[in-house]
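K.L.:
Build me a model:
(chains A, B, C and D)
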There are 2 protein chains.
Amino acid sequence: MNYSRQESVEKAMTVFWQKGYAGTGMRDIQTALDKRPGSIYAAFGNKEGLYLAALEAYTEDLAATLKECTLADSPLHALKSFLHSTLGQTDALTYKRQCFIFKAQADWLALPAGIQSALRQSLQQLRGRFEDIVKAAQQHGELAEDIVPEQAALWLQGQFIAIRTLSTAIENESALEWMLDKVFNDLGKH
Amino acid sequence: MNYSRQESVEKAMTVFWQKGYAGTGMRDIQTALDKRPGSIYAAFGNKEGLYLAALEAYTEDLAATLKECTLADSPLHALKSFLHSTLGQTDALTYKRQCFIFKAQADWLALPAGIQSALRQSLQQLRGRFEDIVKAAQQHGELAEDIVPEQAALWLQGQFIAIRTLSTAIENESALEWMLDKVFNDLGKH
DNA sequence: CTTTGTATTGAACGATCGTTCAGTTCGGCG
DNA sequence: CGCCGAACTGAACGATCGTTCAATACAAAG
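P.N.:
Predicted coordinates for the structure are as follows:
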């Protein structure tokens, strides 16, 4: 039951991730979950409820991954290799290159109000995790102390968007590697 | 006729820009253009045709703006102030902060094949205009000669995505200004 | 005024949308 | 076994989707 719920949420997340909120039909989801409408509505209320569950799961996952970076010996190196790993998704998994949340934000005005505020909340939460990584890097001497963690976190979030978005449209992998290096070079500069 | 066509394309672009391809219904467009379905389908064939017309218009507009930057006394300064101006859109115009093309790319897998290839083409074309700006900046001595224009253009395109996307989710304007400054500081660094 | 070709209208089509609900299945407890 | 509550089924609902087309309006030419 509860396990099955988590499994359902993950499958739904996959579909929403690929086709967006508006682009995803409940019948796509019924197929993906191999469940009939009644079951899904009994468990999640409606399409919005299911999407919110998927968004929460995604945010938790990503936040946990970023938290791991904070605890690593080299926080910045861990962050870099995580970002690098997202670019490696190929073929049927290329949809994972782009961030689920920013993908959603593209349809901003067409989304239910409940989803809009949930998206803002997720973004804020994840920015907090970036901030933790910056602070951890400073404590490990990887980053100068005069870097403002709040600014650096926002900037890092932006670089994630940039690289992950570009990676869906650019086939030149070495150019992306170069950008990745540049990000972690530029981070400590003024 | 032809003027009215251009006007129609612009209005359609506004709607697509706000609500995305899947999120926009033909009835939204009929309302925005104050035209009945028959007229629209006679002029553009179908929803995809209308979207392609809007995409083309957007690309042409943006390419022209970037071309102006190339011709300016200070290409980089011109580019910076253009990017700055896009962030200034408020209230009902906030949808303009995000790039029309990358907004579309979010729904990538849900889009008709014709739109997918048109999007790739637009991105490539605009990257070419960024490259022109970099080269012009080098000729004006604003940028070191050892910067590889192709790499710098891709990187600039990424920074545009980052800042414009963040600006739709961040209310802190001074933080965005700071990021904008950082972009043009980092551009020439290695 | 009539004719001709083009632009526009708006009702209507089948398909698909999100959602509902009466009926069925199923696991666990007495 | 008999019973209960929870989970699931699948047909069906009204609304909306993209699209079509016969009918109408209109501008220019004869």
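K.L.:
Quote the end-to-end distance of stretch A:105-117.
P.N.:
11 Å (C-alpha to C-alpha, to the nearest Å).
K.L.:
Stretch A:82-97 spans what distance, first to last residue?
P.N.:
Stretch A:82-97: ends 12 Å apart by C-alpha to C-alpha.
K.L.:
How about that stretch, which residues are buried there?
P.N.:
A:82, A:83, A:86, A:87, A:95, A:96, A:97 (16 or more other C-beta atoms under 10 Å in any protein chain shown). Just so you know, the C-beta spots here come from the backbone N, C-alpha and C atoms, and that holds for glycine as well.
K.L.:
Next one: the fourth one relative to residue A:12, how far apart?
P.N.:
Computed with C-beta to C-beta, to the nearest Å, the distance linking residue A:87 and residue A:12 is 25 Å.
K.L.:
what's the answer for the fifth one, then?
P.N.:
As judged by C-beta to C-beta, residue A:95 and residue A:12 stand 14 Å apart.
K.L.:
same thing with the first one?
P.N.:
Residue A:82 sits at a distance of 24 Å from residue A:12 (criterion: C-beta to C-beta).
K.L.:
next one: the third one
P.N.:
Using C-beta to C-beta, residue A:86 is found at 20 Å from residue A:12.
K.L.:
likewise the last one?
P.N.:
Noted for residue A:97: a distance of 19 Å to residue A:12, by C-beta to C-beta.
K.L.:
out of everything not next to it in sequence, what's closest to residue A:170?
P.N.:
On the basis of C-beta to C-beta, 6 or more residues apart in numbering or on different chains, the spatially nearest residue to residue A:170 that is not a chain neighbour turns out to be residue A:176, at 6.3 Å.
K.L.:
ok, that neighbour - contacts?
P.N.:
A:87, A:163, A:166, A:167, A:170 (C-beta atoms under 8 Å, 6 or more residues apart in numbering or on different chains).
K.L.:
Could I have the ChimeraX command that selects the buried members from those?
P.N.:
Applying 16+ other C-beta under 10 Å to the contacts of residue A:176, the buried members can be selected in ChimeraX as follows:
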select /A:87,163,166,167,170
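K.L.:
just the helices in chain A please.
P.N.:
For chain A, applying DSSP state H gives helices covering A:2-19, A:26-33, A:37-44, A:47-71, A:75-87, A:100-105, A:113-139, A:149-167, A:173-186.
K.L.:
So for the longest one, what gets flagged as buried?
P.N.:
Read it as helix A:113-139. Neighbour count says helix A:113-139 has A:115, A:118-119, A:122-123, A:126-127, A:129-138 buried, by 16+ other C-beta under 10 Å.
K.L.:
Do it and DNA strand C come into contact?
P.N.:
No. Helix A:113-139 stays clear of DNA strand C (C-beta under 7 Å from any atom of the strand), getting no nearer than 11.2 Å.
K.L.:
can you give me the mean pLDDT across that helix?
P.N.:
Helix A:113-139 carries an average pLDDT of 97.
K.L.:
Any part of that helix near chain B?
P.N.:
Yes. Against chain B, helix A:113-139 shows contacts by C-beta under 8 Å from any C-beta of the partner chain at A:119, A:120, A:123.
K.L.:
Which strands or helices does that helix pack on?
P.N.:
Secondary-structure packing of helix A:113-139 (3 or more C-beta pairs under 8 Å, 6 or more residues apart in numbering or on different chains; DSSP states H and E): helix A:47-71, helix A:75-87, helix A:100-105, helix A:149-167, helix B:149-169.
K.L.:
DNA strand D is nearest to which of those helices?
P.N.:
For these, the distance to DNA strand D is smallest for helix A:47-71, at 12.1 Å, taking C-beta to the nearest atom of the strand.
K.L.:
residues contacting the residue lying farthest from the centre of chain A?
P.N.:
Largest separation from the mean C-alpha position in chain A: residue A:38, at 29.9 Å (C-alpha atoms, centre = their mean). For residue A:38, the contact set (C-beta under 8 Å, 6+ apart) is empty.
K.L.:
For residue A:26, see how far away it is.
P.N.:
For residue A:38 relative to residue A:26 (C-beta to C-beta), the value is 12 Å.
K.L.:
Nearest to DNA strand C, out of the residues of helix A:113-139 next to chain B: which one, please.
P.N.:
For the residues of helix A:113-139 next to chain B, the nearest to DNA strand C is residue A:119 (18.0 Å; C-beta to the nearest atom of the strand).
K.L.:
Where does pLDDT dip in chain A?
P.N.:
In the predicted model of chain A, residues A:1-3 satisfy pLDDT under 70.
K.L.:
what sits against the closest residue to residue A:102 other than its chain neighbours?
P.N.:
Spatial nearest neighbour of residue A:102, chain neighbours left out: residue A:161 (5.5 Å); criterion: C-beta to C-beta, 6+ apart. When contacts are counted by C-beta under 8 Å, 6+ apart, residue A:161 touches A:99, A:102, B:161, B:162, B:165, B:166.
K.L.:
What residue, apart from its backbone neighbours, is nearest residue A:145 spatially?
P.N.:
residue A:138 (5.8 Å).
K.L.:
Show the backbone phi and psi for the spatially most central residue of chain A.
P.N.:
Centroid check for chain A by C-alpha atoms, centre = their mean gives residue A:99 as the closest residue, at 4.1 Å. Main-chain dihedrals, residue A:99, degrees, to the nearest 10: phi -70, psi 130.
K.L.:
got it, and residue A:89?
P.N.:
Dihedral angles (degrees, to the nearest 10) for residue A:89: phi -60, psi 130.
K.L.:
Equivalent analysis for residue A:141, please.
P.N.:
Residue torsions, per degrees, to the nearest 10, at residue A:141 are phi 70, psi 10.
K.L.:
And for it, the neighbour number?
P.N.:
8 (other C-beta atoms under 10 Å in any protein chain shown).
K.L.:
which residues touch it?
P.N.:
Counting by C-beta under 8 Å, 6+ apart, residue A:141 makes contact with nothing.
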